[in-house]
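Asks: Sequence and computational prediction follow.
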Amino acid sequence: MTVPLTVQFAKTGFDALTEAEGRIALIVAPEGKLGAVAKRLDRATRGAVRRALDSKAWDKLKTGDALDLSYPAGLKAEAVQLVKLPRRTGIAEARKAGASIGKALGEAGAMVLAASHPRAAEIAFGLTLRAYDFTLYHTRETPAKGAVAMLVDDPEGMEAKAAPLMALAEGVCFTRDLVNEPANVLTTTDFADRLAVMRGIGLEVEVLDESALEKLGLRALLAVGQGSESPSKVVVMQWNGGKKGDAPFALVGKGVVFDTGGISIKPAAGMEEMTMDMGGAGVVSGVMRTLALRKAKANVVGLVGLVENMPDGRAQRPGDVVKSMKGDTIEVINTDAEGRLVLADVLWYAQERFKPTGMINLATLTGAIIVGLGHENAGVFSNDDTLCNAFLKAAAAEGEGAWRMPMGPAYDALLKSRIADMKNSCGRPAGSITAAQFLRRFVKDEVPWCHLDIAGVALPPKETTLAPKGATGWGVMALDRLVRDMLEG
Ligand code: BES
Ligand code: MN
Ligand code: ZN
């Protein structure tokens, strides 16, 4: 399991709270009304809980935020955390409340009194996501998170309600692990191996090696990886939980395990961040994991193009012309515009093989999308309003920022090349849009398609509500919901 902990639901009781040695978290409505068990906790602390709730500090708290009473007299616990959350509330606020608990969680674990809160499952979900931390390579200070028991009225009912959310948390954390891993560990081969392990949860996983890709004609993808010691691969993950024989929906991810820029090499400053250039493939992998774990009633295929972009004697050069699987030729103006070369071939392969009902690709594709949208929103590009609006709605419901960007023939015209059918880079103006236009040339008109440029949201520079600093897993929640709404409905 890649999630940091599993929340156990247990029956509400007073003894558990007075005996708890770790943290106690109490979900309290803004007006500060205490339930029967919380009242007894207040009495045990000789009114400390009540006094905190009557304080200005409590008044000033935003929904989902929390206040700590440290080492309260009368209890064994190291802290009582008062978490502000109304009973009637949306999922975003409930998850934020859970995140406040997850963020404060230590070695000793926690008892969470959520009593009959209708959003207890969402609180557990937010707690789990925010308790995540990537500590694999800290050899000294890495205490494991303690157990969390959430006290509710109906543990079994809650367990059932929380199960699909725990599958989702597992998918999100799987994506985060992949994105956080350094490139000397997460090579193309290691990545493919981790995906092959998911056969154990019922996914059909195929790994196409370089000779298979050569035969299929994915020359644009192979050209990107030809300077690397790590062999290029395409991994195909199928989840067929829907009607037998029905065409699947396709998810396609850019999986550049490290992007030096190639011969058009990047500056040294910040290059270490290019370990996240497989973020699109990471999200596709996390979604497939979630769909399998919650046994989604849908047919979905995930395809990831795994390559490493290195400078080398065998690397492709600026000025090279490569032929894509589709048959179109591409002049490689800039070897650092490699993601579109990878995606062009995987998108085409996905359509030729699976005839998908629709297709969404994800990629840390352009620095320009960060200039435009910062780290708050991913760029959304589409040839189909229905699919695009469905995605935007799912993303909004999950609190994942997404903003539609324009496309059009005038942008497409910028891709014209003197010696080939198109070039892979055409300068700074509208850099994210021309990249999207490039991809669109490899999408059949009749296939509804979205391209999500996640360069700004995959690994933002600060912590977010649900993630510590580092990989967010942005998109796993939105795509899981999209599958639910659009394919399982
Ligand atoms: N992987 C980068 C994009 C990127 C930049 C992701 C910053 C995350 C953070 C991509 O392969 C790239 O290098 N794009 C170039 C395209 C240009 C050469 C047309 C860019 O954005 O500068
Ligand atoms: Mn690049
Ligand atoms: Zn890249």
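Replies: Yes, it's here. Numbers count the residues shown, from 1 in each chain. Ligands and ions are numbered 1, 2, ... in the order given.

Asks: can we go C-alpha only for contacts and neighbour counts from here?
Replies: Noted.

Asks: per-residue confidence for the residue in the stretch 301-450 of the chain that ligand 2 sits nearest to?
Replies: Here the stretch 301-450 of the chain gets closest to ligand 2 at one residue, Asp336, 3.6 Å apart by Cα to the ion. Per-residue confidence (pLDDT) for Asp336: 98.

Asks: ditto for the one 4 residues further on
Replies: As summarised for this prediction, Arg340 has a pLDDT of 99.

Asks: Backbone torsions only: list them for Glu210.
Replies: Glu210 adopts backbone torsions of phi -60, psi -40, taken as degrees, to the nearest 10.

Asks: so it makes contact with Ser232?
Replies: Yes: counting by Cα atoms under 8 Å, Glu210 touches Ser232, with 5.9 Å between them.

Asks: Neighbour count: the two, which is higher?
Replies: Neighbour count, other Cα atoms under 10 Å: between Glu210 and Ser232, Ser232 has more, with 27 against 19.

Asks: Name the nearest residue to the more buried one, ignoring sequence neighbours.
Replies: With sequence-adjacent residues excluded and distances taken as Cα to Cα, 6 or more residues apart in numbering, Ser232 is closest to Val307, at 4.7 Å.

Asks: do Leu129 as well
Replies: Closest to Leu129 by Cα to Cα, 6+ apart is Leu466, at 5.8 Å.

Asks: isn't the one you found right up against Ala99?
Replies: Yes: Leu466 is within contact range of Ala99, at 5.9 Å (criterion: Cα under 8 Å).

Asks: re earlier: residues that sit against both of Glu210 and Ser232, list them.
Replies: Common contacts of Glu210 and Ser232 (Cα atoms under 8 Å, 6 or more residues apart in numbering): Leu222.

Asks: quick one: stretch 367-380 to chain centroid distance?
Replies: Once both centres are worked out by Cα atoms, centre = their mean, to the nearest Å, stretch 367-380 turns out to sit 16 Å from its chain's centre.

Asks: Report the buried residues of that stretch.
Replies: Neighbour-count burial for stretch 367-380 flags 368-370, 372-375, 377-380 (criterion: 16 or more other Cα atoms under 10 Å).

Asks: before we move on, what about stretch 393-403?
Replies: Across stretch 393-403, burial judged by 16+ other Cα under 10 Å covers 393-395, 397-402.

Asks: So is the helix or strand containing Gly305 next to ligand 1?
Replies: Assigned by DSSP states H and E, Gly305 belongs to strand 299-309. No: for a cut-off given as Cα under 6 Å from any ligand atom, strand 299-309 has no contacts with ligand 1; the smallest distance is 8.9 Å.

Asks: same check, this time on stretch 411-422
Replies: No: contact between stretch 411-422 and ligand 1 is absent, the nearest approach being 11.2 Å (criterion: Cα under 6 Å from any ligand atom).

Asks: How about residues contacting that stretch?
Replies: Residues outside stretch 411-422 that contact it (Cα under 8 Å, 6+ apart): 321, 328-331, 423-426, 430, 433-434, 437-438.

Asks: Ligand 1 next: which of those residues are close?
Replies: Filtering those for neighbours of ligand 1 using Cα under 6 Å from any ligand atom leaves Ser425.

Asks: Of the contacts of stretch 411-422, keep whichever come out buried.
Replies: Listed as buried from the contacts of stretch 411-422 are 321, 329-331, 423-426, 430, 433-434, 437-438; burial here means 16+ other Cα under 10 Å.

Asks: before we move on, the earlier item: and the contacts of stretch 411-422, which of them are in strands?
Replies: Counting by DSSP state E, the contacts of stretch 411-422 place 321, 329-331, 423 in strands.

Asks: Helices along the stretch 351-489 of the chain, start to end?
Replies: Ranges of helices in the stretch 351-489 of the chain, per DSSP state H, counting those that start in this stretch, are 368-373, 385-397, 409-412, 431-440, 476-482.

Asks: any idea which helix is longest in the protein?
Replies: The longest helix of the chain (DSSP state H) is helix 155-180.

Asks: Return the set of buried residues in that one.
Replies: Using 16+ other Cα under 10 Å as the test for burial, helix 155-180 gives 155, 158-159, 162, 164-180.

Asks: And for stretch 36-49?
Replies: By 16+ other Cα under 10 Å, the buried positions in stretch 36-49 come out as 37-42, 44-45, 48-49.

Asks: So Leu466 and Ala99 - more neighbours on which side?
Replies: For the pair Leu466 and Ala99, the greater number of neighbours falls to Ala99 (28 against 25), based on other Cα under 10 Å.

Asks: Provide the secondary structure category for that one.
Replies: Put simply, Ala99 is helix when judged by DSSP: H, G, I helix; E, B strand; the rest coil.

Asks: got the residues of the chain near ligand 1?
Replies: 261, 277, 334, 336-339, 364-368, 425, 455.

Asks: got these as CSV, with distance to Thr6 columns?
Replies: Formatted as CSV, those follow (distance: Cα to Cα, whole Å):
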residue, distance to Thr6
Gly261, 40
Asp277, 30
Asn334, 46
Asp336, 41
Ala337, 41
Glu338, 39
Gly339, 36
Thr364, 31
Leu365, 34
Thr366, 36
Gly367, 37
Ala368, 39
Ser425, 46
Ala455, 30
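
Asks: Ala402 contacts Ala378, doesn't it?
Replies: Yes: contact criterion Cα under 8 Å: Ala402 and Ala378 qualify, at 4.7 Å.

Asks: With adjacent residues omitted, what lies nearest to the residue in the stretch 151-300 of the chain that ligand 1 sits nearest to?
Replies: As assessed by Cα to the nearest ligand atom, ligand 1 sits closest to Asp277 within the stretch 151-300 of the chain, at 5.3 Å. Nearest residue to Asp277 in three dimensions, chain neighbours excluded: Val256, at 5.1 Å (Cα to Cα, 6+ apart).

Asks: pretty sure the one you found is in a strand, no?
Replies: Yes: judged by three-state DSSP, Val256 forms part of a strand.

Asks: Can you name the residues that contact it?
Replies: By Cα under 8 Å, 6+ apart, the residues touching Val256 are 277-278, 305-309, 339.

Asks: and it, bridged to which residues?
Replies: Beta-bridge partners for Val256, by DSSP bridges, are Val307.

Asks: Enumerate the residues of the stretch 301-450 of the chain near ligand 2.
Replies: 336-337 (Cα under 5 Å from the ion).

Asks: Quick check: end-to-end length of stretch 368-377?
Replies: End-to-end distance for stretch 368-377, by Cα to Cα, to the nearest Å: 13 Å.

Asks: what's next to that stretch, contact-wise?
Replies: Identification of contacts with stretch 368-377 by Cα under 8 Å, 6+ apart yields 378-379, 400-403, 428, 430-432, 453, 455-457, 460.

Asks: can you do 6 Å?
Replies: 401-403, 431-432, 456-457, 460 (Cα atoms under 6 Å, 6 or more residues apart in numbering).

Asks: In this structure, where is pLDDT below threshold?
Replies: Scanning the chain for pLDDT under 70 picks out 1.

Asks: And stretch 63-82, end to end?
Replies: Per Cα to Cα, stretch 63-82 runs 11 Å from first to last residue.

Asks: Now do the buried residues in that stretch.
Replies: Buried residues in stretch 63-82, counting neighbours by 16+ other Cα under 10 Å, are found at 63-69, 72, 75-82.
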